[in-house]
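Q: Okay, sequence plus prediction incoming.
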Amino acid sequence: MSKKSMYLSISIITMILGIMLAIQFRTARFIEQSVPADRAQELVAELSKLEKDNIKLDGEIEDLGYKLQQAKKGQSQAQAAILDELKKARMMAGIITVSGTGIEVVLDNPSSPSRRTSISIIRDEDLLRVANDLKGAGAEAISINGYRLISTSEIRQAGSFINVNLNRIEPPFHILAIGNPEKLRSSLEISGGLVDYFRDLGIVVKTQTVNSVTVPGYGNNLQYRYAKAVKG
Amino acid sequence: MRIKPYHLALALVGLVLGVLLSVQFRVTKETLKTPQIYRVQAVGEKISDARSNRDKKQDQINNMRADLDKLAAGVELGVLREELIRSRIEAGLSGVTGPGIEVTLNDSNAVVKPGENPNLYVLHDEDILKVLNELRAAGAEALAINNQRILATSEIRCTGPTILINRNQRLTPPFIISAIGSQDNLSNSLKMRGGVIETLEFWGIQVSIKKVSQVNIPALSGNISFDYARPNTEEQ
């Protein structure tokens, strides 16, 4: 065997080795990056939400297409179309009063003063968490003591009171939410959930599903001193 | 040709290499075929398709809305036009821009001592809720986290290291909260003594506030729909 052919075979072997090494690294990295099983569940949930979104967007496109067609016909049709857009925007903004199935949650400090301790006083963060759980369960409209929560609504401790939309509210707190009643209720009553937590603190909690709740619209004027609308 | 000892060695090396190679290929192929990973990949591809589809539709809708506004420009609407603009901002149908602040939150870089609960040093949904609430109380006019618009119905939920908002939009740290409003009011409300920032910094969570002269907050991606709530008929 000549020296040449030996070198050739050795270089071929080293080449193969190199490729193997590269593949090996990539596989190892892939395994590390690959996601645990519960990620699959999250991803599937995300996909189903996207698919639902897309169906709704199709509906919106159809609706807007019809309105555009109408608006081209004349002034009065254009006006009707734009008024309908306004109605839709107001509904989404939470300015108008809405009704539907839902839940009523009442939170109160303990009635007998002897059982009232500093931890059983309801604080802003308690209400904030109730609202957040209800939103997570798909609540479409929420109000606390008659004040509608919109995107800029605060729930904030101010001394011994709590402010919502700059209005002072006091216990008992009546929280109304519209949505799937069972989902809303179970989001709070799930074991280890907020209702359990509140009872442990000594806060009085009542939840009740309701066939028809009416959630008032946002009462204040929407004012934008800093924000300007841009398209899209 | 005589068989020399190194020929034997080469043959042995070659044999081992061959076996390794075949094992390697099989492992690689099987990893790709593992049901878990296969499913994640397949779903992931579908998600990116659905997402680009949604963005396209969203663009189309925005353009159609602008067209409709143009068509109706000559129509006498008076105050209603102003109201339409305002309602669309509040509903998240239009993007907004204006002066404001950006708050960046990141998990703690403190070293967890043995026996301590590392959970204490991680950002929680509650922390973000509180920051948002504080900004709202300070008069924020529009809010977003990592460019996801926050609306009346937006929830913030912790799932492991990520946070879900607006029904399954997954966000990962660092979380950048953008708010439009009075810059001084917004940043002071957070920096207040005993306020949110002080509490978070106690746990070593990294917070930084930046005043930005032009904060851009996008419209909601996706759509709000009402399956349960109906407008009251007496007031429309």
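A: Sure, I can see it. Here the structure is a predicted model, which means the values were calculated and not measured. Numbering: from 1, shown residues only, chains lettered A, B, ... in the order given.
Q: Every contact and neighbour count from this point should use C-alpha atoms.
A: Fine.
Q: average model confidence for stretch A:93-110?
A: Regarding stretch A:93-110, the rounded mean pLDDT is 92.
Q: longest helix in chain B, by residue count?
A: Across chain B, the longest stretch assigned as helix under DSSP state H is helix B:35-71.
Q: For it, buried residues please.
A: Neighbour-count burial for helix B:35-71, counted by 16 or more other C-alpha atoms under 10 Å in any protein chain shown, picks out B:36-37, B:39-41, B:43-44, B:46-47, B:50-51, B:54, B:57-58, B:60-62, B:64-65, B:68-69, B:71.
Q: What are the boundaries of the helices in chain A?
A: Assigned by DSSP H, the helices in chain A fall at A:3-33, A:37-73, A:75-93, A:124-136, A:181-189, A:194-201.
Q: Outline the domain layout of chain B.
A: Following automatic domain parsing, chain B resolves into domains at B:5-71, B:96-217.
Q: Would you mind putting the ones you listed into TSV with distance to chain A and mean pLDDT alongside?
A: Below are the domains of chain B laid out as TSV (distance: least, C-alpha to the nearest C-alpha, whole Å; pLDDT from 0 to 100):
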stretch	distance to chain A	mean pLDDT
domain B:5-71	5	82
domain B:96-217	4	86
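Q: Please identify the most buried of these.
A: domain B:96-217 (a mean of 19; mean count of other C-alpha atoms under 10 Å in any protein chain shown).
Q: Now the most centrally placed residue in chain B. Nearest residue, chain neighbours left out?
A: Residue closest to the average C-alpha location in chain B (C-alpha atoms, centre = their mean): B:Leu171, at 3.3 Å. Nearest residue to B:Leu171, sequence neighbours excluded (C-alpha to C-alpha, 6 or more residues apart in numbering or on different chains): B:Ile163, at 5.2 Å.
Q: Pull up the pairing partners for the helix or strand encompassing the one you found, direction included.
A: In the assignment (DSSP states H and E), B:Ile163 maps to strand B:162-165. Strand B:162-165 sits in its sheet next to strand B:156-159 (antiparallel), strand B:169-171 (antiparallel), going by DSSP bridges.
Q: check contacts around A:Ala137.
A: A:Ala137 is in contact with A:183-184, A:187, counting by C-alpha atoms under 8 Å, 6 or more residues apart in numbering or on different chains.
Q: ok, back up a step: hmm, B:Leu164 and the residue nearest to the centre of chain B touching each other?
A: Yes. Counting by C-alpha atoms under 8 Å, B:Leu171 does reach B:Leu164; the two are 6.2 Å apart.
Q: Okay, B:Ser189 and A:Val106: tell me how far apart.
A: 30 Å (C-alpha to C-alpha, to the nearest Å).
Q: Compute the number of surrounding residues for residue 72.
A: Picked chain A for this. Look at A:Lys72: counted by other C-alpha atoms under 10 Å in any protein chain shown, it has 13 neighbours.
Q: actually it's chain B I care about, not the one you picked
A: So B:Ala72, with other C-alpha under 10 Å, has 24 neighbours.
Q: So, low pLDDT: which residues of chain A?
A: Flagging of chain A using pLDDT under 70 yields the residue ranges A:1, A:27-39, A:115, A:231-232.
Q: quick one, the longest helix of chain B and helix A:37-73 angle?
A: Interaxial angle, helix B:35-71 versus helix A:37-73 (axes from the mean of the first three to the mean of the last three C-alpha atoms, to 10 degrees): 20 degrees.
Q: by contact count, what packs against helix B:35-71?
A: helix A:37-73, helix A:75-93 (3 or more C-alpha pairs under 8 Å, 6 or more residues apart in numbering or on different chains; DSSP states H and E).
Q: quick one: the last one to helix A:37-73, angle?
A: Orientation note: helix A:75-93 sits at an angle of 160 degrees relative to helix A:37-73 (the same axes, to 10 degrees).
Q: Buried residues in helix A:75-93, which are they?
A: So helix A:75-93, judged by 16+ other C-alpha under 10 Å, has buried residues A:75, A:77-79, A:81-83, A:85-93.
Q: for the longest one, same thing?
A: If you call a residue buried by 16+ other C-alpha under 10 Å, then helix A:37-73 has these buried ones: A:40, A:43-44, A:46-47, A:49-51, A:53-54, A:56-58, A:60-61, A:64-65, A:67-68, A:70-71.
Q: near chain B, from these?
A: Among these, the ones lying near chain B by C-alpha under 8 Å from any C-alpha of the partner chain are A:40, A:43-44, A:46-47, A:49-51, A:53-54, A:56-58, A:60-61, A:64-65, A:67-68, A:71.
Q: Show me what whichever strand or helix holds B:Arg26 is packed against.
A: Here B:Arg26 is covered by helix B:5-33, with elements defined by DSSP H and E. On a contact count with 3+ C-alpha pairs under 8 Å, 6+ apart, helix B:5-33 meets helix A:3-33.
Q: Counting by contacts, list what the helix it packs on packs against.
A: helix B:5-33.
Q: Off-centre distance for the helix it packs on?
A: Centroid displacement of helix B:5-33 relative to its chain, using C-alpha atoms, centre = their mean, to the nearest Å, is 45 Å.
Q: Compute the inter-axis angle for it and helix A:3-33.
A: 30 degrees.
Q: Is the residue nearest to B:Leu171 bridged to anything, and to what?
A: Going by DSSP bridges, B:Ile163 is paired in beta bridges with B:Cys158, B:Leu171.
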